[in-house]
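Trainee: Just a sequence and a predicted model for now, questions to come.
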Amino acid sequence: MTTTTGPTNAEIADVLDHAEAHLERVGHHKNYLYDEKQAAKGVPVVDCPTCVWGAIHYAVHGEPRPSSTGTHDKFLLGQMAGDAVRKHLRVQTLVAWNDAKGRQKRQVVKALRDTAAALRAGVAA
């Protein structure tokens, strides 16, 4: 019998910390993983503003989109990080929450920070 374990709460929290730092560095974006207009102007994709999912992908894959060469474990880690934020916020989808009218970077950063803290405290959903 094979037993598989997923990422720990601490590992998921580390991803969210990294995603938060990335958003603080590059800025917040809506309606796509990263700002395609800036990328088209020659800004490296890793330096373009991202949405919450783009920041999570960056934290896991090193760029704001899932890598086609990523491992199953990395995809699982990213999915679990996003699910933790979604559950913490009690929303149906992170995409709709991120793209909502009036959503600001500070709110996205706070959601990532608060979810990571809840995971470390063992009180995350």
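Mentor: In hand now; what should we look at?

Trainee: In this structure residue 74 contacts residue 61, no?
Mentor: Yes. If you go by Cβ atoms under 8 Å, residue 74 and residue 61 touch, sitting 6.4 Å apart. Yep, even glycine has a C-beta here, placed from its N, CA and C like the rest.

Trainee: what sits in contact with each of these two?
Mentor: Common neighbours of residue 74 and residue 61, counting by Cβ atoms under 8 Å, 6 or more residues apart in numbering, are residue 67.

Trainee: Enumerate every residue touching the residue nearest to residue 30 when sequence neighbours are not counted.
Mentor: Leaving aside its chain neighbours, residue 30 sits nearest to residue 99 (4.7 Å; criterion: Cβ to Cβ, 6 or more residues apart in numbering). Taking Cβ under 8 Å, 6+ apart as the criterion, residue 99 is in contact with 30, 31, 51.

Trainee: Please convert these to CSV, extending it with distance to residue 44.
Mentor: Listed next are the contacts of residue 99 as CSV, based on distance: Cβ to Cβ, whole Å:
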residue, distance to residue 44
30, 20
31, 20
51, 17
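
Trainee: Please spell out the PyMOL selection for the buried subset of these.
Mentor: Applying 16 or more other Cβ atoms under 10 Å to those leaves a buried subset, and the PyMOL line that selects it is:
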select buried, resi 30+51
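
Trainee: Contacts only, for the residue nearest the centre of the chain.
Mentor: Centroid-nearest residue in the chain, with Cα atoms, centre = their mean: residue 56, separated by 2.3 Å. By Cβ under 8 Å, 6+ apart, the contact list for residue 56 reads 15, 16, 19, 78, 81, 82, 85.
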